[in-house]
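K.L.:
how would this look folded up:
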Amino acid sequence: ASKPATTRPAYYGFYICRKTGRLNKFSCRFQTYSTNTSCILPVSVYNDVCKKEEMKEYEMRTLLSLSVAILAGLLMTRVAKPLKLPSVTAYLVAGVLIGPYCLGLLGIEGLGFPTQADVDSLSLISEVALGFIAFSIGSEFRVSELKHTGKQAFVIGVLQALAATFLVDVALVAIALLTNGKLSIAQAITLGAIATATAPAATLMVVRQYKAKGPLVDLLLPIVALDDAVGLVVFAVSFGIAKALNTGSFDVISIVVDPLIEIVCSLALGALGGWVLTQLEKLFNSNTNRLNMTIAFVFLTSALAMAEFKIGPVTIGFSSLLTCMMLGTLFCNLCPLSGEIMEKADRWTSPLFAAFFVISGAGLDLGVFKDGMIVLIGVVYILTRSLGKYLGAHYSAKLMKCEPQICKYLGITLLPQAGVALGMCVTARQLGAEGDLIRNITLFAILIYELVGPLLTKMALQAAGEIHPMEDAVKNRRQINLEKANAEKK
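P.N.:
Predicted structure coming up:
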């Protein structure tokens, strides 16, 4: 290239931003070269400025969408309160209302979610929220309590999941045989495996909101936590069989080895994180610093759990839920002051959980109602899964000689379904067009379960006597504090 000549004075140019439509001005210096071209236009300057403008607008829309989501959820709880609906249901309904099928139809970016891509842009919030939910559930696995409920939780957790899978498999395989190919055997088996999954987030939020306590809650939270591990194994086996039916090849590694490695690696990573957190916590005396350390470790564990790599034919992956659960379990069993930190963390995560459920509601696909076949299969799936969960929990609780109220109401509290099932749907898309049908049926079921499940959980806990009426001092605390403040002014 030729040597550049003397640098010339600044030149000014204008461009129209592709996003905002605004006319912007930029200045630059460029040099002439002793070639046939007298100057080189600063195209890169235009691109850089445009990218900065787009990034600034994207950040503004993201913050605006997040604030609208939280505000919409909080306002909807005021509507739900006279109806005695759980806050989780209110958040989900608020999400539907500001989602792509309601307010989003107006197409106003930042005010609601015009497209599914806008909902997906906040997926990081959901990942972090699930990490904290799993961490909170993991804190319920205290060795002192597991000595009394551990065996019961394990047996009931496994049997209720297998019962749901069995009934869904039988019903959907029958439909597959009767409908001449509308639903394949592979799809039926895969949906049966997805039926194992339970949503820990909705269950935990209902328990927290109503401060439910008792033998049913003590058994419920460990079972919900165990459900993830059982679901991973059942899904891996069932999906492996489904792929074998489609391709004619049987892969032992993906059916047996990969899920077992995922469970072991997740538990090992979570245990390591819990031990390190416990050691570092000793360096701080301030509750604020210890809370900050705990939050940082949940972030770190959630991030590391996203990693996935291959060693030969074996895939090394992690379950974010299992990893963060193990983090919480080890921390709460090793750290004698974990109770204080968990109490403060619960307050810190309240707006995060609200945003998570509103975003989940906005992501519910109402378009699945357009297809009559999806609705029909979805209804069969919901009925058989619910029956399997209830009967499996009822008879396994009787087998373990649990109290009558546990046998009667435990199955109802296991009905909500969401995030884990959606993760299984992503894997199921390896079946191609058949995977899309599985996803749509699961989305239909999640829509119903997420809106109805929290209410049924609340009713079951009330009937079991584990939700007590709110004390007048708590119910009227704002008015009491207001009167105190006015009295001090006088």
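K.L.:
quick one: average pLDDT of the helix or strand where residue 124 lies?
P.N.:
Using DSSP states H and E, residue 124 falls within helix 123-138. Averaged over helix 123-138, pLDDT sits at 83.
K.L.:
The next helix or strand after it - contacts with which helices or strands?
P.N.:
Next helix or strand after helix 123-138 toward the C-terminus (DSSP H and E): helix 143-178. Under the contact criterion of 3 or more C-beta pairs under 8 Å, 6 or more residues apart in numbering; DSSP states H and E, helix 143-178 touches helix 185-194, helix 215-247, helix 372-399. For glycine as for every other residue, the C-beta is placed from the backbone atoms N, C-alpha and C.
K.L.:
ranking those helices by mean pLDDT, which is last?
P.N.:
Among those, helix 215-247 has the lowest mean pLDDT, at a mean of 80.
K.L.:
what comes up buried for that helix?
P.N.:
Applying a neighbour-count criterion of 16 or more other C-beta atoms under 10 Å, the buried positions in helix 215-247 are 215-243, 246.
K.L.:
What count of nearby residues applies to residue 365?
P.N.:
Residue 365: 16 surrounding residues under other C-beta atoms under 10 Å.
K.L.:
residues contacting it?
P.N.:
By C-beta atoms under 8 Å, 6 or more residues apart in numbering, the contact set of residue 365 is 116, 440, 443, 447.
K.L.:
quick one: the second one and residue 360, what's the gap?
P.N.:
Separation of residue 440 from residue 360 (C-beta to C-beta, to the nearest Å) stands at 17 Å.
K.L.:
if you count what's nearby, which of the two comes out ahead?
P.N.:
Higher neighbour count among residue 440 and residue 360: residue 360, with 25 against 21, using other C-beta under 10 Å.
K.L.:
Surely the more buried one touches residue 94?
P.N.:
No - assessed by C-beta atoms under 8 Å, residue 360 is found out of contact with residue 94, at 10.6 Å.
K.L.:
Of the helices and strands packed on helix 143-178, which is nearest residue 462?
P.N.:
The closest of the helices and strands packed on helix 143-178 to residue 462 is helix 215-247. By C-beta to C-beta, the value is 10.9 Å.
K.L.:
Next, the angle from that closest one to helix 185-194.
P.N.:
Angle of helix 215-247 versus helix 185-194, following axes from the mean of the first three to the mean of the last three C-alpha atoms, to 10 degrees, is 160 degrees.
K.L.:
Could you list which residues are in contact with residue 140?
P.N.:
With contact set as C-beta under 8 Å, 6+ apart, residue 140 has these partners: 221, 222, 225.
K.L.:
Let me see the backbone angles for residue 112.
P.N.:
With angles defined as degrees, to the nearest 10, residue 112 sits at phi 90, psi -170.
K.L.:
Ignore what I typed, I meant residue 402.
P.N.:
According to degrees, to the nearest 10, residue 402 has phi -80, psi 170.
K.L.:
so it makes contact with residue 223?
P.N.:
No - using C-beta under 8 Å, residue 402 is not in contact with residue 223; the gap is 11.3 Å.
K.L.:
list residues touching both of those two?
P.N.:
Residues touching both residue 402 and residue 223 by C-beta under 8 Å, 6+ apart: 156, 410.
K.L.:
Show me which helix runs longest in the protein.
P.N.:
If you go by DSSP state H, the chain has its longest helix at helix 43-80.
K.L.:
so after that one, what's the next helix or strand?
P.N.:
Per DSSP H and E, the first helix or strand lying C-terminal to helix 43-80 is helix 87-98.
K.L.:
Would you mind confirming that residue 213 makes contact with residue 466?
P.N.:
Yes - under the criterion of C-beta under 8 Å, residue 213 makes contact with residue 466 at 6.0 Å.
K.L.:
For the two, indicate the residue with more neighbours.
P.N.:
Taking neighbours as other C-beta under 10 Å, residue 213 and residue 466 compare with residue 466 leading, 21 against 13.
K.L.:
so that one, which of the three states?
P.N.:
Three-state call for residue 466 (DSSP: H, G, I helix; E, B strand; the rest coil): coil.
K.L.:
Need the nearest residue in space to it, chain neighbours excluded.
P.N.:
residue 214 (3.6 Å; C-beta to C-beta, 6 or more residues apart in numbering).
K.L.:
My guess is that neighbour contacts residue 468. True?
P.N.:
No - contact criterion C-beta under 8 Å: residue 214 and residue 468 do not qualify, at 9.5 Å.
K.L.:
report the angle between the axes of the longest helix of the chain and helix 123-138?
P.N.:
Inter-element angle recorded for helix 43-80 and helix 123-138: 50 degrees (by the same axes, to 10 degrees).
K.L.:
What angle do helix 87-98 and helix 43-80 make with each other?
P.N.:
Comparing the axes of helix 43-80 and helix 87-98 via the same axes, to 10 degrees yields an angle of 130 degrees.
K.L.:
Would you check that residue 435 makes contact with residue 442?
P.N.:
No - contact criterion C-beta under 8 Å: residue 435 and residue 442 do not qualify, at 10.4 Å.
K.L.:
Which of these two has more residues huddled nearby?
P.N.:
Using other C-beta under 10 Å as the criterion, residue 435 and residue 442 rank with residue 442 on top: 26 against 19.
K.L.:
which one is residue 449 nearest to, not counting chain neighbours?
P.N.:
Per C-beta to C-beta, 6+ apart, closest to residue 449 is residue 417, 4.5 Å.
K.L.:
ok, the one you found to residue 451 distance?
P.N.:
11 Å.
K.L.:
do the same with residue 410
P.N.:
In terms of C-beta to C-beta, residue 410 sits 21 Å off from residue 451.
K.L.:
neighbour count winner among those two?
P.N.:
Between residue 410 and residue 451, counting by other C-beta under 10 Å, residue 410 is the more crowded of the two (26 against 18).
K.L.:
From residue 156, how far out is the residue found closest to that one once you drop the neighbours it is linked to in the chain?
P.N.:
With sequence-adjacent residues excluded and distances taken as C-beta to C-beta, 6+ apart, residue 410 is closest to residue 393, at 4.4 Å. Computed as C-beta to C-beta, the residue 393 to residue 156 distance reads 6 Å.
K.L.:
and for these two, which residues touch both?
P.N.:
Here residue 393 and residue 156 have residue 410 as joint contacts, going by C-beta under 8 Å, 6+ apart.
K.L.:
got the buried residues for the helix or strand residue 455 falls within?
P.N.:
Element membership for residue 455, per DSSP H and E: helix 433-463. Neighbour counts over helix 433-463 (16+ other C-beta under 10 Å) mark 434-435, 437-451, 453-462 as buried.
K.L.:
still on that earlier bit, and the helix holding residue 124, how far from the chain's centre?
P.N.:
Mean-position distance between helix 123-138 and its chain equals 7 Å (C-alpha atoms, centre = their mean, to the nearest Å).
K.L.:
wait, isn't residue 309 in contact with residue 261?
P.N.:
No - using C-beta under 8 Å, residue 309 is not in contact with residue 261; the gap is 11.5 Å.
K.L.:
Since that was my last question, I'll sign off now.
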